[in-house]
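Sharing a model prediction with you, sequence too.
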Amino acid sequence: MIKEPASEPITLRIAGVPEHFNLPWLLALERRAFVRANIELKWNTVPEGTGRMCAMLNSGEVDLAVLVTEGAVRDILRGNPCRIVGSYVDTPLTWGVHVGTNSTIVSASELQGVPFAISRLNSGSHLAAMAYAQAHGWTPKETEPRCGE
């Protein structure tokens with residue numbers, strides 16, 4: 001019996017944030033599941049988040065990214081030719097507005113003009129803060145972390 005030469009593996013460059021929901025990818029890499037499927041998977045951990053991964057997709061630096069859908073939609077509307085091909089999580093993330101124990105703020109109406117702490121511009125926390133401000137009739141400024149203006 002003559003074995004045919006193995007075909008070249010498919011190379012797939014993927015990006016994701018350093019979060020627990022990417023554990024299945026990392027375990028599959030560790031267990032060489034992609035090698036057995038003739039896929040050369042190159043994982044990129046992107047601590048900068050959704051905005052950076054959208055830029056990586058746009059530049060062709062990665063082929064696939066696991067990122068926040070709202071951020072991808074926003075980037076697509078701004079001209080990124082990437083496509084959303086599926087969802088990874090069926091339930092939305094639960095975001096909250098939190099204040100310190102010693103804060104005098106007790107209601108949402110007191111937050112107008114108060115800076116919101118976000119992880120990064122264009123991150124999920126930034127988009128959530130922008131949506132929160134808009135829902136309360138405030139005019140948020142996209143380029144500033146102060147989303148309660």
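Nice, thanks for sending it over.

I'd assumed residue 27 was in a helix, is it?
Yes. Under DSSP: H, G, I helix; E, B strand; the rest coil, residue 27 sits within a helix.

helices and strands of the chain: which one has the lowest mean pLDDT?
helix 124-135 (a mean of 83; mean pLDDT, DSSP states H and E).

so what secondary structure elements neighbour that one?
Under the contact criterion of 3 or more Cβ pairs under 8 Å, 6 or more residues apart in numbering; DSSP states H and E, helix 124-135 touches helix 69-77. For glycine as for every other residue, the C-beta is placed from the backbone atoms N, C-alpha and C.

which residues are in contact with the helix it packs on?
49-51, 54, 58, 80, 82-84, 87, 122-124, 127 (Cβ atoms under 8 Å, 6 or more residues apart in numbering).

and the angle from that helix to helix 124-135?
Put simply, helix 69-77 runs at 80 degrees to helix 124-135, going by axes from the mean of the first three to the mean of the last three Cα atoms, to 10 degrees.

now helix 69-77, how far from the centre of its chain.
10 Å (Cα atoms, centre = their mean, to the nearest Å).

so where is the protein shaky, pLDDT-wise?
Applying pLDDT under 70 to the chain flags the ranges 1-6, 141-149.

Mind jotting down where the helices sit in it?
Here the chain has its helices, by DSSP state H, at 23-30, 33-36, 50-59, 69-77, 124-135.

follow-up on the earlier one: tabulate the contacts of helix 69-77 (TSV), appending neighbour count and distance to residue 97.
Formatted as TSV, those follow (neighbours: other Cβ atoms under 10 Å; distance: Cβ to Cβ, whole Å):
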residue	neighbour count	distance to residue 97
49	23	20
50	26	20
51	21	21
54	23	25
58	16	31
80	16	29
82	17	30
83	8	32
84	10	27
87	8	25
122	22	19
123	20	16
124	21	14
127	23	14
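
now those residues in TSV, with distance to residue 20?
Converted to TSV, the contacts of helix 69-77 look like this (distance: Cβ to Cβ, whole Å):
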residue	distance to residue 20
49	15
50	16
51	21
54	22
58	27
80	26
82	24
83	26
84	22
87	17
122	22
123	17
124	15
127	20
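
residues in contact with residue 125?
Taking Cβ under 8 Å, 6+ apart, we find residue 125 in contact with 95, 117-119.

typo on my end, it should be residue 22
16, 66.
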